[in-house]
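# this one's sequence-less:
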């Protein structure tokens, strides 16, 4: 047992990352139901993240992807997910460990999660719910705010100061 006791904040964060994994696994198996779609922000500089060099250069610290219309080959494991997305009309393969994910949102049901390392989820749910320009899926920082009544679970209130 650690000197500081049980790390409940980390346990909760790990459990909530499991929600992301389960949502992606269900989509990989059955497809996106109804209007559901995901905005996922992750640290591009996290160990294990694999993406094209030009994307890493454009987004050296973090990147937001949209899983909605033009995603292919979504594969989910216990530790990570891989997906092919269109960036400017070009398919690119991404591999993202769940530990690199810092925010997840499904604007169709006004649901969002924020993890350690993520400062805001403002880039996840643009007001118009349109994917970042210029592609239907990919990455970008929209700068818009999420809907006023979105449910966002931030773990900072549970952390020791």
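In hand now; what should we look at? Keep in mind that this is a model prediction, so the values were computed, not measured.
# Any stretches of this protein with poor pLDDT?
1-3, 117-161 (pLDDT under 70).
# Could you pull out the strands in it for me?
38-43, 62-67, 72-76, 80-87, 90-97, 101-106, 111-114, 151-154 (DSSP state E).
# can you give me the angle the first one makes with strand 62-67?
Think strand 38-43. Interaxial angle of strand 38-43 relative to strand 62-67 (axes from the mean of the first three to the mean of the last three Cα atoms, to 10 degrees): 160 degrees.
# would you turn the strands of the chain into CSV with distance to residue 9 and mean neighbour count?
C-beta coordinates here come from the backbone N, C-alpha and C atoms, glycine included. CSV is the format used below for the strands of the chain (distance: least, Cβ to Cβ, whole Å; neighbours: other Cβ atoms under 10 Å):
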stretch, distance to residue 9, mean neighbour count
strand 38-43, 18, 24
strand 62-67, 21, 23
strand 72-76, 25, 14
strand 80-87, 22, 20
strand 90-97, 19, 17
strand 101-106, 15, 24
strand 111-114, 13, 22
strand 151-154, 11, 16
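# and residue 50, which of those strands is closest to it?
Proximity to residue 50 (Cβ to Cβ) singles out strand 90-97 among the strands of the chain, at 3.9 Å.
# any idea of the angle that closest one forms with strand 38-43?
Going by the same axes, to 10 degrees, strand 90-97 makes 70 degrees with strand 38-43.
# who touches strand 90-97?
40, 42, 46-52, 55, 65, 72-73, 79-86 (Cβ atoms under 8 Å, 6 or more residues apart in numbering).
# give the contact list for the most centrally placed residue in the chain.
Central residue of the chain (Cα atoms, centre = their mean): residue 40, 1.9 Å from the mean position. Contacts for residue 40 (Cβ under 8 Å, 6+ apart) come out as 20, 64-65, 67, 96, 101, 103-104.
# Could you pull out the buried residues of the lengthiest helix in the chain?
Using DSSP state H, we find that the single longest helix of the chain is helix 8-30. With burial defined by 16 or more other Cβ atoms under 10 Å, the residues of helix 8-30 counted as buried are 13, 16-17, 20-21, 23-25, 27-28.
# tell me what it is packed against?
Applying 3 or more Cβ pairs under 8 Å, 6 or more residues apart in numbering; DSSP states H and E, one finds that helix 8-30 contacts strand 38-43, strand 72-76, strand 80-87, strand 101-106, strand 111-114.
# No further queries at this time; thank you.
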